[in-house]
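>>> Here is a sequence with its predicted model. Questions after.
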Amino acid sequence: MTENTYIYNNKAAVLEKINKPLKVKKLMTKKIARNQLLIRVKYTFVCGSQLNEIFGKKGKDKYLPHTLGHEAVGIIIKAGSKITKFKNGDTVIISWIKNSKLECANAEHLDIANKKVNSGPVSTFVKFAITSESRVYKINSKKLKKIYALYGCAMPTGVGIALQAMKNLKKNNFITIYGLGGIGLIVFATLKYFGYKNIIAVEKNKERLKLLKKLGCKLSLNLVSFEKLIHKNDIKISEIKRSIDTSGNIFLMRNAFKNLSKDGKFYIAGNPSKGEVLKIDPYEIIYGKRIFGSIGGDISIKKNIKLFDRIVEKNPYLFKKFIDKSYNLEEINLAIKNFLKGKIIRPLIKI
């Protein structure tokens, strides 16, 4: 380790082995280049994508050990000499979703044993994040809010897929959401914001179902109860014009596609394990059903920050649930454990 090169005393939650708890470690981080930003991370959320990494659901991980995290809010500590759009003190969103700016090299870390700890283009389970302008978005507010960390992944994904599903959808048509975790709840909040009331939420978590009732969801129930209503013809599949899956569960995906009108559209936002296969009857496609995928909602974060703000403002009770409990970085494994048990919607980590 050269003192002139590795100058930032850092701390991070590191994935060292698959299916093992993260290790919170002290790191030395290489100083920023001219086209990089040094950001003091304040709050970050744990996303389902990180669970897939931790538990090996994305396939073989050739970058171990490495840092994690891809949605956060923080403050710029230092901007490289080539950076012109950001300055020291700016409040910013950090996101894995790229904008049109050029990418730069990834952050470089060493642990106390001088061993390399890898990093992707974005890492947010760290005290100091280093990234390019392509993953950073300025917040035009002097107040740093915890909820801004959600704008790096969950908000654009949930809002974006809802906007796609709403195209050519009449307000009296039915739309079903499968999996009401963080992204599913944001899909619900977005549809509600735009005046859609015929929303069916399919979720097994009892506390989540209670929350949805308080939020005014027309019908919130588990899959077994939902299919009983279909069987009794209390719910007509012909009226369900959209299905959205945010669960990443192949079984739910199959049912989301099955329980859809013949001319309906199915949107997939959840992330199943690598290699899992969704089996469908091709005749359902032949006769008019359509399937769409979404990566990060396929919308611009920069252009939609004000929309995100309005959706949050119209749903204060819901979004308070995202931020009313936080964990310190040292508690990140407890946060992940509670996330897996469904005790919290999406773990908020205070760095």
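Noted; the coordinates are in hand.

>>> in this protein, which spans are helices?
Using DSSP state H, the helices found in the chain span residues 48-54, 154-166, 182-193, 206-214, 223-231, 250-258, 282-286, 301-314, 316-323, 332-340.

>>> Serialize these to CSV and add fields for distance to Phe174.
Any C-beta I mention is one placed from the backbone N, CA and C, and that applies to glycine too. As requested, the helices of the chain are exported to CSV (distance: least, Cβ to Cβ, whole Å):
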stretch, distance to Phe174
helix 48-54, 26
helix 154-166, 12
helix 182-193, 11
helix 206-214, 15
helix 223-231, 11
helix 250-258, 13
helix 282-286, 18
helix 301-314, 21
helix 316-323, 21
helix 332-340, 30
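
>>> out of the ones you listed, which comes closest to Ser81?
helix 301-314 (23.3 Å; Cβ to Cβ).

>>> quick one on the thing from earlier: which one of the helices of the chain lies nearest to Lys11?
Of all those, it is helix 332-340 that lies closest to Lys11, at 11.3 Å by Cβ to Cβ.

>>> for the helices of the chain, which one sits closest to Leu38?
Ranking those by proximity to Leu38 (Cβ to Cβ) places helix 301-314 first, at 20.6 Å.

>>> packing partners for that closest one?
Contacts defined by 3 or more Cβ pairs under 8 Å, 6 or more residues apart in numbering; DSSP states H and E place helix 301-314 against strand 91-95, strand 136-138, helix 154-166, helix 182-193.

>>> Let me see the mean pLDDT of the first one.
Mean pLDDT, strand 91-95: 98.

>>> So which elements touch that strand?
Under the contact rule (3+ Cβ pairs under 8 Å, 6+ apart), strand 91-95 is packed against strand 37-45, strand 71-79, strand 136-138, helix 301-314.

>>> Same question for the first one: list its buried residues.
What it means is strand 37-45. 37-39, 41-45 (16 or more other Cβ atoms under 10 Å).

>>> Next, format the helices and strands packed on strand 91-95 as JSON lines and append distance to Gly56 and mean pLDDT.
Shown next, in JSON lines, are the helices and strands packed on strand 91-95 (distance: least, Cβ to Cβ, whole Å; pLDDT from 0 to 100):
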{"stretch": "strand 37-45", "distance to Gly56": "21", "mean pLDDT": "98"}
{"stretch": "strand 71-79", "distance to Gly56": "21", "mean pLDDT": "97"}
{"stretch": "strand 136-138", "distance to Gly56": "30", "mean pLDDT": "97"}
{"stretch": "helix 301-314", "distance to Gly56": "29", "mean pLDDT": "97"}
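
>>> Let me have those in CSV, extended by distance to Gly182.
Shown next, in CSV, are those (distance: least, Cβ to Cβ, whole Å):
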stretch, distance to Gly182
strand 37-45, 8
strand 71-79, 10
strand 136-138, 19
helix 301-314, 13
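
>>> Indicate which one of those is closest to Ile200.
Short answer: helix 301-314, nearest of the helices and strands packed on strand 91-95 by Cβ to Cβ, at 20.1 Å.

>>> and the closest one, how far from the chain's centre?
15 Å (Cα atoms, centre = their mean, to the nearest Å).

>>> now swap in stretch 272-290 and tell me
Mean-position distance between stretch 272-290 and its chain equals 24 Å (Cα atoms, centre = their mean).

>>> in the protein, what spans have low per-residue confidence?
Within the chain, the segments meeting pLDDT under 70 span 1-4.

>>> switch to 50 and redo it
1 (pLDDT under 50).

>>> Which segments of it make up each domain?
With domains defined by automatic domain parsing, the chain comprises 6-152+321-350, 154-298.

>>> For Leu307, find the nearest of those.
Across the domains of the chain, closest to Leu307 is domain 154-298 (Cβ to Cβ), at 6.7 Å.

>>> Can you give me the end-to-end span of that closest one?
One end of domain 154-298 to the other measures 12 Å (Cα to Cα, to the nearest Å).

>>> do the same with stretch 26-46
This stretch, stretch 26-46, spans 20 Å end to end (Cα to Cα).

>>> can you check stretch 136-147 too?
With Cα to Cα, one end of stretch 136-147 sits 16 Å from the other.

>>> same question, stretch 33-42
Stretch 33-42 end-to-end distance (Cα to Cα) = 22 Å.

>>> Determine which of the domains of the chain approaches Lys314 most closely.
Of all those, domain 154-298 comes closest under Cβ to Cβ, at 5.3 Å.

>>> roughly how far is that closest one from the heart of the chain?
The answer for domain 154-298 is 17 Å, by Cα atoms, centre = their mean.

>>> picking that back up, let me have the helices and strands packed on helix 301-314 in a markdown table, extended by distance to Leu22 and mean neighbour count.
Converted to a markdown table, the helices and strands packed on helix 301-314 look like this (distance: least, Cβ to Cβ, whole Å; neighbours: other Cβ atoms under 10 Å):
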| stretch | distance to Leu22 | mean neighbour count |
| --- | --- | --- |
| strand 91-95 | 18 | 24 |
| strand 136-138 | 24 | 21 |
| helix 154-166 | 20 | 25 |
| helix 182-193 | 20 | 26 |
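
>>> Of those, give the one that comes closest to Asp281.
helix 154-166 (22.0 Å).
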